[in-house]
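> model this:
(one chain, ligands or ions: 3)
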Amino acid sequence: MATPAEKWVEEIARLTQPARIYWCDGSEEEARQIVETGLREEKVEGQPVFHELNPGTYPNAYLHRSHSTDVARTENLTYICLPEQETAGPNNNWMDPAAAKTLLRKISAGSMRGKTLYVLPYTMGHPDSPLAKACLQITDISYVAVSMRIMTRMSREALRRIGNSEDFVRGIHSVGDFDPAKRYIMHFPEDNLVWSVGSGYGGNALLGKKCFSLRIASWLGKREGWLAEHMIIIGVQDPEGKITYLAAALPSASGKTNLAMMESALPGYKIWTVGDDIAWMRIGADGRLYAINPEYGFFGVAPGTSCKTNPNMMRTLQANSFYPTLYTNVALDAKTREPWWEGMTECRPAEMLDWRGKPWQPDRPAAHPNSRFTVCIKQCPTLSPEYENPGGVPISAILFGGRRSRVMPLVLESFSWRRGVLLGAIMGAETTAAATGEVGVLRRDPMAMLPFCGYNLADYFGHWLRLGAQIPRPPKIFFINWFRRDEKGKFLWPGFGENIRALKWIIGRTAAAGSQGARETPVGFIPGKGSLDLAGLRMPEETLAELCSVNLEEWKEELADARNFLNRFGNRMPKGIWEEFRELEKAVSQP
Ligand code: GTP
Ligand code: SPV
Ligand code: MN
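Residues are numbered from 1 along each chain as shown. Ligands and ions are numbered 1, 2, ... in the order given. Below you'll find the model as predicted:
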């Protein structure tokens with residue numbers, strides 16, 4: 001008798017007509033064979049899916065050049081398919097589930113002809129975690145099969161867990177012919193299903209990541225009373241050896257991976273990496289909020305990553321294991337066959353191929369601004385011993401932030417959970433190359449979840465308010481901004497390893513009472529004079545003052561824009577959000 005999983009695969013195969021079906025077991029030998037297929041047989045725009053890098057200096061590492069139209073997440077082609085549009089909310093594109101499936105079936109008919117259909121069984125989360133979910137993804141390209149083996153716990157065990165059950169998360173993925181006119185990333189929260197066609201790009205194609213672990217999981221979290229968030233998880237060890245766990249949400253390409261494995265500029269401090277992109281959080285038996293990282297790898301931004309900015313990522317990339325490492329849309333040193341990207345080294349290679357594989361032209365970027373590497377988390381030298389703890393780690397503070405050239409100070413502490421939820425709900429951030437569209441445009445990106453919340457954000461804010469009230473020992477909420485600029489456009493804050501200074505203040509504040517070490521402003525607490533540890537950092541007094549300033553005129557403008565944003569949600573917006581908003585408006589307008 002065929003299992004539900006087998007029947008489902010058969011059904012998709014009847015539709016897509018692959019030449020063969022291959023069930024993956026996640027083994028090393030299998031990964032080698034799939035890479036081999038990508039090197040020799042499968043093609044994208046006439047090029048092999050994988051190019052071997054220098055085996056002496058980059059063993060078991062491969063370069064992938066994507067389809068030229070397929071280099072970032074496509075938010076405009078991403079849909080939440082729930083019966084009522086109102087449930088998906090104004091923050092999501094919506095399609096009726098039946099209409100969406102009809103469209104996808106039409107596009108997918110025969111889309112895998114001549115190709116291999118790979119079946120990928122995996123779990124998100126440690127299998128013993130109460131939040132872990134067994135999943136099955138179908139794909140028709142070796143790049144995605146190998147990437148999923150790096151990014152998830154792919155194994156026979158996952159398939160055994162699914163067994164004869166209907167209860168698994170389904171992902172259907174086909175690159176088809178990469179036609180942007182037939183590209184859709186569709187989510188069916190009520191069916192535990194993601195169906196993605198026409199794109200091989202990370203967040204569009206590695207369906208365990210943004211599609212399941214954020215969009216579908218946020219929906220499950222609301223139903224079941226937990227949180228699925230676009231957050232890193234870190235342990236910060238102080239000179240006495242005490243470790244405090246923090247979770248931090250920053251929008252795409254805004255510093256999560258760097259913060260997650262930062263090398264502290266303050267002596268005696270050490271960061272332990274638990275996760276760099278996604279956190280699943282639930283209330284533990286002791287009344288604290290506990291977080292796990294459901295992923296198994298990093299899908300990190302290449303440009304800007306160097307031995308100076310993120311030495312631990314450079315070490316992670318060099319730590320060869322039996323997991324392959326993939327580089328997507330980076331440049332290639334034509335002589336040494338080593339990868340290169342802007343910011344990696346001070347001098348660029350003499351002869352380079354750009355991310356398209358063409359001789360590099362000096363007026364063009366060599367690597368794509370959203371070029372990425374895919375690498376197993378087990379290779380990270382700062383990986384926390386708690387990473388595999390199925391219970392997760394207790395979170396003492398939640399941080400929100402983003403790229404803001406003005407308005408937001410370096411660090412700000414919210415007066416309460418409710419005020420923190422409001423400030424998170426109206427948070428703005430400048431866009432990056434991680435999604436298609438204009439870069440550097442300010443938009444409201446609540447809790448860094450605008451592209452990732454699988455339902456109406458108004459209901460999501462309500463969930464945050466309700467859950468907060470249920471946590472006996474809730475974390476404090478903070479805001480951070482490493483990206484404030486001067487009038488010439490230069491960053492005021494050195495960032496990277498120096499960010500520990502803000503974290504130290506935050507950790508001090510989690511234990512502090514009242515305004516100890518802080519200065520109260522109408523919008524929250526900021527560091528009081530002398531309370532940021534600036535030892536060894538040469539920074540003019542005026543720069544520091546500007547970084548830590550709260551300008552109420554700017555805040556009034558900010559709130560006017562935020563009000564328009566909240567208005568889009570009509571009367572679905574929880575009353576608590578509006579109450580808190582009006583209180584904040586009043587505080588900011590007081591003479
Ligand atoms: P996603 O993977 O898209 O979710 O991105 P992310 O939030 O993990 O961003 P990441 O840490 O990869 O950083 C993106 C870019 O911001 C890189 O080019 C980094 O070099 C740069 N960056 C990270 N931290 C800092 C910082 O503290 N200051 C400055 N100026 N740039 C930073
Ligand atoms: C992001 O864009 O936030 C990423 C990369 O982390 S992706 O997985 O492609 O969404
Ligand atoms: Mn991300």
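
> going forward, measure contacts between C-alpha atoms and count neighbours the same way
Fine.

> would you list every one of the strands in the stretch 101-250 of the chain?
For the stretch 101-250 of the chain, the strands defined by DSSP state E, counting those that start in this stretch cover 116-124, 133-139, 153-154, 169-174, 184-188, 193-197, 227-229, 231-237, 243-249.

> Name the residues of the stretch 151-300 of the chain found near ligand 2, please.
202-203, 210, 252 (Cα under 6 Å from any ligand atom).

> switch to 8 Å and redo it
Neighbours of ligand 2 within the stretch 151-300 of the chain, by Cα under 8 Å from any ligand atom: 201-204, 206, 209-210, 230, 251-253, 277, 299-300.

> Keep only those of those residues that are in helices.
202-204 (DSSP state H).

> top of those residues by neighbour count?
Within those, neighbour counts (other Cα atoms under 10 Å) peak at N204, which reaches 27 neighbours.

> Give the burial count for the residue lying closest to it once chain neighbours are set aside, as a bare number.
Once flanking residues are discounted, N204 sits nearest to R73: 5.9 Å by Cα to Cα, 6 or more residues apart in numbering. R73 has 23 neighbouring residues, counting by other Cα under 10 Å.

> go on, S531?
If we define neighbours as other Cα under 10 Å, then S531 has 16 of them.

> need the contact list for it.
505, 517-518 (Cα atoms under 8 Å, 6 or more residues apart in numbering).

> Can you check the pLDDT for the residue nearest to E45 when sequence neighbours are not counted?
Excluding its sequence neighbours, the residue lying closest to E45 (Cα to Cα, 6+ apart) is H67, at 6.4 Å. pLDDT for H67: 98.

> and H67, that's in a helix?
No. Per DSSP: H, G, I helix; E, B strand; the rest coil, H67 lies outside any helix segment and is coil.

> Quick check: it touching F178?
Yes. Counting by Cα atoms under 8 Å, H67 touches F178, with 7.0 Å between them.

> now the helices: where do they sit in the stretch 1-150 of the chain?
For the stretch 1-150 of the chain, applying DSSP state H, counting those that start in this stretch gives helices covering 4-16, 28-40, 85-88, 97-108, 142-151.

> Next, the angle helix 142-151 makes with the second one.
It stands for helix 28-40. 150 degrees (axes from the mean of the first three to the mean of the last three Cα atoms, to 10 degrees).

> re earlier: can you put the contacts of S531 in a markdown table and add pLDDT and neighbour count?
Formatted as a markdown table, those follow (pLDDT from 0 to 100; neighbours: other Cα atoms under 10 Å):
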| residue | pLDDT | neighbour count |
| --- | --- | --- |
| W505 | 98 | 18 |
| G517 | 92 | 18 |
| A518 | 97 | 21 |
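
> Between those, which sits nearest ligand 2?
W505 (26.8 Å; Cα to the nearest ligand atom).

> could you say what helices and strands whichever strand or helix holds that closest one packs with?
In the assignment (DSSP states H and E), W505 maps to helix 500-511. Here helix 500-511 touches strand 393-401, strand 476-480, going by 3 or more Cα pairs under 8 Å, 6 or more residues apart in numbering; DSSP states H and E.

> Relative to ligand 2, which of those is closest?
Going by Cα to the nearest ligand atom, the one of these nearest ligand 2 is strand 393-401, 13.6 Å.

> how close does the residue nearest to N204 sit to P451?
9 Å (Cα to Cα, to the nearest Å).

> Check Y143 too.
Distance from Y143 to P451, by Cα to Cα: 24 Å.

> More neighbours: the two, which one.
The residue with more neighbours, out of Y143 and P451, is Y143; 26 against 21, by other Cα under 10 Å.

> I'd assumed V44 was in contact with the more buried one.
No. Counting by Cα under 8 Å, Y143 stays clear of V44, with 10.4 Å between them.

> Need the pLDDT of the closest residue to P59 other than its chain neighbours.
Distances taken as Cα to Cα, 6+ apart place N320 nearest to P59, at 6.8 Å, with adjacent residues excluded. Predicted confidence (pLDDT) for N320: 80.

> mind checking the backbone torsions on N320?
Per-residue torsions, N320: phi -70, psi 130 (degrees, to the nearest 10).

> and it, how many neighbours?
Using other Cα under 10 Å: N320 sits among 18 other residues.

> Please consider this matter closed, and thank you.
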